[in-house]
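S.K.: Got a sequence here, can you model it:
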Amino acid sequence: MNPVVYLVGGAVRDELLGLPVRERDWVVTGASPEWLLDQGFRQVGADFPVFLHPETGEEYALARTERKRGHGYHGFTVTFDPGVSIEDDLARRDLTINAIARAGDGSLVDPHGGRSDLDARWLRHVSPAFSEDPLRVLRVARFAARLSHLGFRVHPDTRQLMRDMVASGELEHLVPERAWAEISRAMGGPRPRVFIETLRDCDALAVLLPELDRLFGVPQNPEYHPEVDTGEHVLMALDMAEALGGSADAVTAVLLHDLGKGLTPAEEWPSHRGHEHHGAPLVEAVCARFRLPNRTRDLAVRVCRHHLRSHRLLEARPDTVMKLLEALDAFRRDDVDDFVLACEADYRGRGGGLDQRPYPQGQRLRAALEAAKAIHARDLEGVPPGPEMGVALRRARVQAIADLAVQPGDDMPRGGPQQ
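M.R.: Numbering: from 1, shown residues only. This next block holds a predicted model:
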C-alpha cells in the first residue's frame with residue numbers, strides 16, 4: 001500500500017467557506033511511523049503518533065480509528081496502521097463540516113455530507129459516536145459562535161444529542177483544563193454570547209458554570225438595567241467587550257463579574273447590594289475548579305470586586321482613586337487596560353440606549369495611574385528612608401492625582417451605585 005497524504009479538517013472547511021486558513025493538518029494513509037521518520041519527519045505526542053514536517057512544521061498524523069472504552073477524553077482505544085482508510089479516519093470526527101478531506105489532486109473525500117451541510121449552514125454530528133467525547137459539546141458551541149456571522153446553527157438532531165449527553169452525566173468527566181481551553185478560546189473569539197447561549201440551550205451551562213446559569217431570570221433595577229434580566233445583561237456585556245476588542249482574559253472577567261447577583265435573596269430583588277463582594281468567592285471557586293492561570297483569575301476577581309468603584313470614579317476623591325489603584329495592584333501589574341475594558345463593557349452592556357454612553361472613568365483611572373507612577377522616592381527631598389518615605393511617597397502621588405484636570409460629569413444617575 002502506497003502512502004497517500006490528505007489535507008483534513010478545519011483547513012478544508014475554511015477553504016470551502018472562503019475563510020482564511022490559519023493552520024493546516026494532514027492525514028497520511030498507508031504509512032507507518034517508520035516511513036514518516038525515514039522522510040525526515042519528527043515525532044511528537046504520546047497518545048498516538050503525530051509528526052512534524054521537516055520544512056513546514058505542519059502536523060501530519062497517521063490515519064486512525066478510536067473506540068470508546070471508558071469515560072471522558074482518556075476513555076478511548078486508538079488504532080493506527082497502514083490499513084486504516086481516510087474514510088475510517090473521517091468517521092471519528094465530530095461534525096460533518098470537519099470530516100472532509102482533500103486529496104493531492106484536489107478532489108474531496110466527503111463521506112458524511114459535509115459539503116452539503118456547509119451550504120445549508122448546519123452544524124451536524126458525524127455519527128452517534130459524537131456522544132463518546134463530552135468535550136464536543138463545547139466544541140459545537142464554539143463553532144456556533146465562530147461561524148454565527150455566516151448563519152450557521154446547530155442541527156436539531158445534534159442539539160438533542162448534546163442534551164442527551166448532558167443528561168447522562170458525561171460532562172462530569174471532562175478534564176477541567178481541556179474544558180477551560182474551549183471556554184477561553186470562545187471568550188477570545190467572535191460572538192462569545194452565542195457560545196454561552198448554545199451551552200445554555202442544551203443544559204450544559206448549568207453543569208459547567210452553574211454560578212452563571214442561575215443569573216438568568218434574576219431581575220435587576222430597571223433604572224440602571226433596562227434589560228432587567230441579569231443573565232441577559234451578562235450577554236450584552238460580552239457583546240460590548242467583543243466590540244471593544246477585549247482580550248480573552250478581559251472577556252472572561254466580564255463573563256464572571258456579576259456572579260454575586262445569583263446569591264441575592266429573592267425578597268431583596270431587584271436590588272443587589274454588595275453583590276461585588278459576595279461574588280468574589282464564587283469567581284475564585286470557578287477559577288479553582290477549572291484551574292485557570294493566575295493572571296486570568298486575578299483579573300476576574302479584581303473586576304468582580306471593584307467594577308462599581310470604577311463606575312464611581314468621576315465622583316471619587318483623589319485618595320479614593322489612589323485606594324483603587326492600590327487594590328488593583330496597578331503599580332506592579334500591566335493589566336489595568338484589561339480591567340478598564342471589562343468595567344466599560346459592564347457599564348455599557350445594557351439596554352435602553354445605555355450602550356451609547358461614554359466611559360470617561362477609564363480615562364481618569366489611566367491618567368491617575370500615569371500621574372502617580374511619575375512620582376518616585378528619589379523626587380522627595382529631605383525624607384529619610386523607611387516608613388516615612390512610604391507615607392510621603394503615597395501623599396505625593398495622591399497630590400499628583402488631585403492636580404489632574406477632572407473630566408466633566410457623566411450621565412450616571414446620581415443617588416446610588418450602578419449595579
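
S.K.: Who are the packing partners of the helix or strand where I196 lies?
M.R.: Applying DSSP states H and E as the criterion places I196 in helix 192-201. Applying 3 or more CB pairs under 8 Å, 6 or more residues apart in numbering; DSSP states H and E, we find helix 192-201 packed against helix 135-146, helix 176-187, helix 204-208, helix 230-243, helix 248-256. Yep, even glycine has a C-beta here, placed from its N, CA and C like the rest.

S.K.: Give the helix, strand or coil label for Y60.
M.R.: Under DSSP: H, G, I helix; E, B strand; the rest coil, Y60 falls in the strand class.

S.K.: in this protein, which segments are predicted with low confidence?
M.R.: Within the chain, the segments meeting pLDDT under 70 span 1, 46-48, 68-77, 405-418.

S.K.: For the protein, which segments are assigned as strands?
M.R.: 4-8, 25-29, 42-44, 50-52, 59-62, 64-68, 76-80, 101-102, 108-109, 122-123, 153-154 (DSSP state E).

S.K.: Could you tell me the angle between the helix holding I196 and helix 176-187?
M.R.: Angle, helix 192-201 to helix 176-187, by axes from the mean of the first three to the mean of the last three CA atoms, to 10 degrees: 130 degrees.

S.K.: quick check: angle from helix 192-201 to helix 230-243?
M.R.: 150 degrees.

S.K.: tell me which residues in helix 192-201 are buried?
M.R.: Within helix 192-201, the residues that qualify as buried by neighbour count (16 or more other CB atoms under 10 Å) are 192-200.

S.K.: what's stretch 137-145 in contact with?
M.R.: By CB atoms under 8 Å, 6 or more residues apart in numbering, the residues outside stretch 137-145 that reach it are 94-95, 123, 152-154, 158, 162, 165-166, 171, 179, 182-183, 185-186, 189-196, 198-199, 202, 204, 208.

S.K.: now stretch 298-306, how far from the centre of its chain.
M.R.: 16 Å (CA atoms, centre = their mean, to the nearest Å).

S.K.: contacting residues for T264?
M.R.: T264 touches 218, 271-272, 275, 278, counting by CB under 8 Å, 6+ apart.

S.K.: Grab the nearest non-local neighbour of the residue positioned nearest the centre of the chain.
M.R.: Nearest residue to the geometric centre of the chain (CA atoms, centre = their mean): M187, 2.2 Å. The spatial neighbour of M187 that comes closest, neighbours along the chain excluded (CB to CB, 6 or more residues apart in numbering), is V251 at 4.2 Å.

S.K.: Quick check: that neighbour touching P192?
M.R.: Yes: judged on CB atoms under 8 Å, V251 makes contact with P192 at a distance of 5.8 Å.
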